[in-house]
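> give me a model of this one.
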Amino acid sequence: MPLTELAGQLGVRVPQGDGREAEITGITHDSRAVRPGDLYAALPGARFHGAEFAAQAAGLGAAAVLTDPAGAERAAATGLPVLAVDDPRGRMGALAATIYGEPGRDLLRIGITGTSGKTTTAYLIEGGLRAWERTRAADSGRPEGLTGLIGTVESRVGDERVKSERTTPEATDLQALFAVMREKGVHSVAMEVSSHALVLGRVDGCVFDVAVFNNLSPEHMEFHSGMEDYFRAKAELFTKERSRVGVVNVDDAYGRRLAGGESEVPVVTFSAEGRQDADWRAVDVESGLFDSTFTIEGPDGVSVPARSPLAGPFNVANALAAVVALVAAGADPRTAADGVAAVAGVPGRLERVDAGQGYLAVVDYAHKTDAVESVLRALRKVTPGRIHAVLGCGGDRDTTKRAPMGAALARLADTAVLTSDNPRSEDPLAILATMLAGAAEVPAAERGAVLLMEDRAAAVAAAVARAEPGDTVLVLGKGHEQGQDIAGVVRPFDDRQVLREAIERGSRSDAVTKHRNDQG
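Residues are numbered from 1 along each chain as shown. From the prediction side, this is the model:
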């Protein structure tokens, strides 16, 4: 892409001198990731201005710099041509789409937003997309198209997997990823869209064929000024600039606002609670230990048997959202439902850990109050014994949810083990003190046993030590994560592995005790 053409798109002139006729072959906001021919986007940041790293970008082969007037002089000192605009972040997404040849136009894109369930819904939609691709290939005789996934846990291009750094990639990375998907033969992609992504322009230059709204509850209050600001950020996905049709959960009050006229695009509604005013409904729901079955009723008398491959009423809502999104995209309801039901599981979402123990052990990513309550209530229905739950709150994040999360755990679990999550730069004991204060507000008659253990591995072991046949051990908060951030150092830590090891140690200890008793 000629630099002069990009300058024209921005409405600026390319300075005279070397590089005026440069050909741009890529774009990145990370000076360390620059490749020869890239346009380096030097953005203003909280601590540093990206222009401070323009020399590094130039040394790696950058062909030009995109920045704001404050960074223009420093960027120009590299000798590279500089495109200066008032809001480079706001222009970067559309520019990236142009550089990579509008790759998203060749993909069916389904975006999912909301507080809870984005990851699960994205995986379920991707499973439905795979089934739909198989059906279309069989009907047409052409090769089966690949599917893509972009989200909190990973990005997938077909069966190739790349670990994710954030829920929604930065605009430059996102458009490059779309381009890779197009080259690899991907036809459709399911993607999580965070409120940060919408506010910070990460999905600029992207128009989703279907936008999904799951729910909204307090979260990210360190970023948003309040719930209304949070909602307005999510509602951005349902503007004509960002999507073509919305799929909205009307069991949620904010979803009803979107469906009631606050969406700029046409809306299809769904209700896992069976609301008669919804376009699509889940009825005859039967919850099991590991999944739920139900019937989907839709317009014109459509009735389809369905299954959520994960337990809990909230996952019925996620599965219903996935099916309705696929139908809105053009899939047959039965094909969509079968594809969703076939998903084997979602990393760190109600993920079982089975080491031969006589009780249920589960890891889940729930890290906000509503999600914690939903998981505990779902497991209570299928747990004949007691629930021993482990939970921490992350440092340098929303502080307003810590006391409510501590209270929720103390109220709904028989044993509530309060521990560290990712303390980051904060004092772990200060975080725990706030959680404990919330737990202490629960009346004694309604409160389970509360344990306070700073060390997360010890907390998991303490929960396991209390478990008996018929009980459930639940480790909440980190889910799929494989590290723990303490004072800026990320140490290896996987809740699933730590839980398994604690169970195995307990089993060995029980075996030794039994042997001694048998001998004695």
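> flag the shaky bits of this protein, pLDDT-wise.
Residues of the chain meeting the criterion pLDDT under 70: 16-20, 509-520.
> grab the most central residue of it for me.
Among the residues of the chain, Thr152 comes closest to the average C-alpha position under CA atoms, centre = their mean, at 3.9 Å.
> so it makes contact with Lys118?
Yes. With contact defined as CB atoms under 8 Å, Thr152 counts as touching Lys118 (7.2 Å). (Each C-beta comes from the backbone N, C-alpha and C, glycine too.)
> got any residues that touch both of the two?
Common contact partners of Thr152 and Lys118 (CB atoms under 8 Å, 6 or more residues apart in numbering): Thr167, Glu192.
> hang on, the earlier thing: pull up the gap between the residue nearest to the centre of the chain and Ala42, please.
As judged by CB to CB, to the nearest Å, Thr152 and Ala42 stand 28 Å apart.
> same check on Ser217?
Per CB to CB, Ser217 is found 37 Å from Ala42.
> so between those two, which is more surrounded?
Counted by other CB atoms under 10 Å, Ser217 and Ala42 do not tie: Ala42 has more neighbours, with 28 against 18.
> pretty sure that one is touching Gln56, no?
No. Between Ala42 and Gln56 there is no contact under CB under 8 Å: 10.5 Å.
> give the residues shared as contacts by those two.
Ser31.
> isn't Glu241 up against Val207?
Yes. Shown here, Glu241 and Val207 form a contact pair, counting by CB under 8 Å, at 7.3 Å.
> what about these two, which has more around it?
Taking neighbours as other CB under 10 Å, Glu241 and Val207 compare with Val207 leading, 17 against 12.
> so how far is Met191 from the residue nearest to the centre of the chain?
Distance, Thr152 to Met191, using CB to CB: 11 Å.
> and Ile387, how many residues sit next to it?
Neighbour tally, Ile387, other CB under 10 Å: 25.
> just Pro492 next, same as before
Pro492, neighbours per other CB under 10 Å, totals 8.
> I'd like the distance between it and Ile486.
For Pro492, the distance to Ile486 - CB to CB - is 12 Å.
> return the host helix or strand of Asn315 as CSV; C-alpha atoms alone will do.
Using DSSP states H and E, the element containing Asn315 is helix 313-329. Extracted in CSV, the C-alpha atoms of helix 313-329 (Å, rounded to 0.1, in the frame of the first residue of the first chain):
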residue,chain,number,x,y,z
PRO,A,313,-28.7,-22.2,34.1
PHE,A,314,-26.2,-19.5,33.0
ASN,A,315,-24.8,-21.9,30.5
VAL,A,316,-28.3,-22.7,29.1
ALA,A,317,-28.3,-18.9,28.4
ASN,A,318,-24.9,-19.1,26.8
ALA,A,319,-25.9,-22.1,24.6
LEU,A,320,-29.2,-20.4,23.6
ALA,A,321,-27.3,-17.2,22.7
ALA,A,322,-24.9,-19.3,20.5
VAL,A,323,-27.7,-21.1,18.7
VAL,A,324,-29.7,-17.9,18.1
ALA,A,325,-26.5,-16.0,16.9
LEU,A,326,-25.8,-18.8,14.4
VAL,A,327,-29.4,-18.8,13.1
ALA,A,328,-29.2,-15.0,12.7
ALA,A,329,-26.1,-15.6,10.6
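> could I get the contacting residues of the nearest residue to Tyr365 once chain neighbours are set aside?
Once flanking residues are discounted, Tyr365 sits nearest to Gly479: 2.8 Å by CB to CB, 6 or more residues apart in numbering. With contacts defined as CB under 8 Å, 6+ apart, Gly479 is in contact with Pro347, Gly348, Arg349, Glu351, Val363, Asp364, Tyr365, Ala366, His367, Asp495.
> as CSV, these with neighbour count and distance to Arg411 would be great.
CSV is the format used below for the contacts of Gly479 (neighbours: other CB atoms under 10 Å; distance: CB to CB, whole Å):
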residue, neighbour count, distance to Arg411
Pro347, 16, 28
Gly348, 24, 24
Arg349, 23, 23
Glu351, 20, 24
Val363, 28, 21
Asp364, 28, 17
Tyr365, 24, 21
Ala366, 26, 15
His367, 24, 17
Asp495, 27, 22
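> strands - which of these land there?
The members of those that map onto strands under DSSP state E are Glu351, Val363, Asp364.
> for beta bridges, what are the partners of the first one?
So the one you mean is Glu351. Using DSSP bridges, the beta-bridge partners of Glu351 come out as Val363.
> quick revisit: now the helix holding Asn315: how far from the chain's centre is it?
16 Å (CA atoms, centre = their mean, to the nearest Å).
> stretch 55-62 now?
So, by CA atoms, centre = their mean, the centroid of stretch 55-62 is 33 Å from its chain's centroid.
> buried ones in that stretch?
In terms of neighbour count (16 or more other CB atoms under 10 Å), stretch 55-62 has its buried residues at Ala55, Ala57, Ala58, Leu60, Ala62.
> so of these, which ones are in helices?
Ala55, Ala57, Ala58 (DSSP state H).
> now the first one: closest residue in space that isn't a chain neighbour?
By that I understand Ala55. Counting by CB to CB, 6+ apart, the residue nearest Ala55 is Thr78, at 5.4 Å.
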